[in-house]
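Enquirer: Provide a 3D model corresponding to the input given below.
(one chain, ligands or ions: 1)
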Amino acid sequence: MSRLSGKIAVVTGAGRGIGRAIALRFAHEGALLALCDLNLEQLETVAAEARQVGAPAASAARVDVANRAEVEAFIAQASQQLGTPNILVNNAGIFFNASLLDMTDEQWDRMMSINTKSVFLMTQAVLKRWVAEDIKGSIVNLASISSDIAFTNSAAYCASKAAVSALTRVTALEYGPHGIRCNAMAPGIIDTSMLPDPEGAKVWANKIPLRRLGQPDDVADLALYLASDEARYITGATMYVDGGWMIE
Ligand SMILES: NC(=O)c1ccc[n+]([C@@H]2O[C@H](COP(=O)([O-])OP(=O)(O)OC[C@H]3O[C@@H](n4cnc5c(N)ncnc54)[C@H](O)[C@@H]3O)[C@@H](O)[C@H]2O)c1
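Expert: Numbering: from 1, shown residues only. This next block holds a predicted model:
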C-alpha cells in the first residue's frame, strides 16, 4: 500500500524547488494534494505532474502565504474540494542577503511575514479544523541550518528560521494532547533557485562531509517520513538534512 494513501496534503510554495519535490514525492505515495504558490503557471505544471505520478487529485491555487485572508480562503476551499487536509507542509519561503546596517524595515518585515508569519497563519487555519473535527494531523515546517548557526548578511533569514523551529516546538507541545504532530526539517545547502550564488555554493560542497550539495529529493524523502504515520512518535523535532554540515 502507498505510504500516504487516503491522506490529504497541503504543500505551500510547491511551484518549484523543494516544495515541488515534496508535492511529487507525496503524489507518488498516493496523497491528494492542495498546492499553493505565488506563481500559478509553474504550480499548474506541478499539479499536472503530480496527477501523472499518482495523486488521485491535485489542485493549484495562487496564494500569498503571508496574507491571512488568502490563507483562510485557500484552506476553506481545499477542505471543500478534497476534504479537510491532514498533512500541512509549510515550505514557501524567501532568502536575500542584507547586512544588519543596510537592512530596511520593509526587508525585515517581508522576510518575517513570508518565512515565519505564514507558518503561524497556515498552522492556525488547519488547527482550527483539526481540533473541531478530531483530526490527528501532521505539520512539517521548513526550518534551516540557519535556525541554529549564523551566516553573515543573513540576520533576517536566520531569525525567521530560528522562529520557525521555536514555533514548531510550541505547536507540538500545545497540540500533542490532541494527537497532532508538528516537526521541522533543517536543510543545509540545497541546489534550488534560492541559492544566491550557485558557483560559490559548489565551493561549499567541498566542505560538506558528504561532499555534495543537497538535492530537493533529499528533503522530500524526510518530509514524507515526518508526514507519514511512520513518524507517529516524533513531534517537536527539528531534523537536519544537511549532508553532515552541522557535525563540524
Ligand atoms: N535551498 C536551500 O538551500 C534551503 C536551505 C534551507 C531551507 N530552505 C527552505 O526551504 C524552503 C523552500 O526553498 P527552495 O530552495 O525550494 O526555494 P525556491 O525559491 O526554489 O522556492 C520557493 C517557492 O516559494 C514560493 N513563494 C515565495 N514567496 C511566497 C509567498 N509569499 N506565497 C506563496 N508562495 C511563495 C516561490 O514562488 C517558490 O515557488 C524555504 O522555506 C527555504 O527557506 C531552503
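
Enquirer: and stretch 44-58, average pLDDT?
Expert: The pLDDT scores in stretch 44-58 average 98.

Enquirer: what's in contact with that stretch?
Expert: 2, 14-16, 20, 23-24, 26-33, 35, 59-60, 81-82 (Cβ atoms under 8 Å, 6 or more residues apart in numbering). C-beta coordinates here come from the backbone N, C-alpha and C atoms, glycine included.

Enquirer: is any part of that stretch close to the ligand?
Expert: No: applying Cβ under 6 Å from any ligand atom, one finds stretch 44-58 out of contact with the ligand, separated by at least 9.1 Å.

Enquirer: from the chain's centroid, how far away is that stretch?
Expert: 18 Å (Cα atoms, centre = their mean, to the nearest Å).

Enquirer: now that stretch: buried residues?
Expert: Along stretch 44-58, these residues count as buried under the neighbour rule (16 or more other Cβ atoms under 10 Å): 44, 46, 47, 50, 54, 55, 57, 58.

Enquirer: near the ligand, which residues of this protein?
Expert: Counting by Cβ under 6 Å from any ligand atom, the chain sits next to the ligand at 12-13, 15-19, 37-39, 63-66, 91-95, 114, 142, 144, 187, 189-190, 192-194.

Enquirer: is it possible to mark the buried ones in these?
Expert: Buried, going by 16+ other Cβ under 10 Å: 12-13, 15-19, 37-38, 63-66, 91-95, 114, 142, 144, 187, 189-190, 192, out of those.

Enquirer: ok so, going back, which pair of the buried residues of stretch 44-58 spans the longest distance?
Expert: Using Cβ to Cβ, the buried residues of stretch 44-58 span at most 17.8 Å, a distance reached by 44 and 54.

Enquirer: now residue 48: which helix or strand?
Expert: helix 40-53 (DSSP states H and E).

Enquirer: now that helix, how far from the centre of its chain.
Expert: The answer for helix 40-53 is 17 Å, by Cα atoms, centre = their mean.
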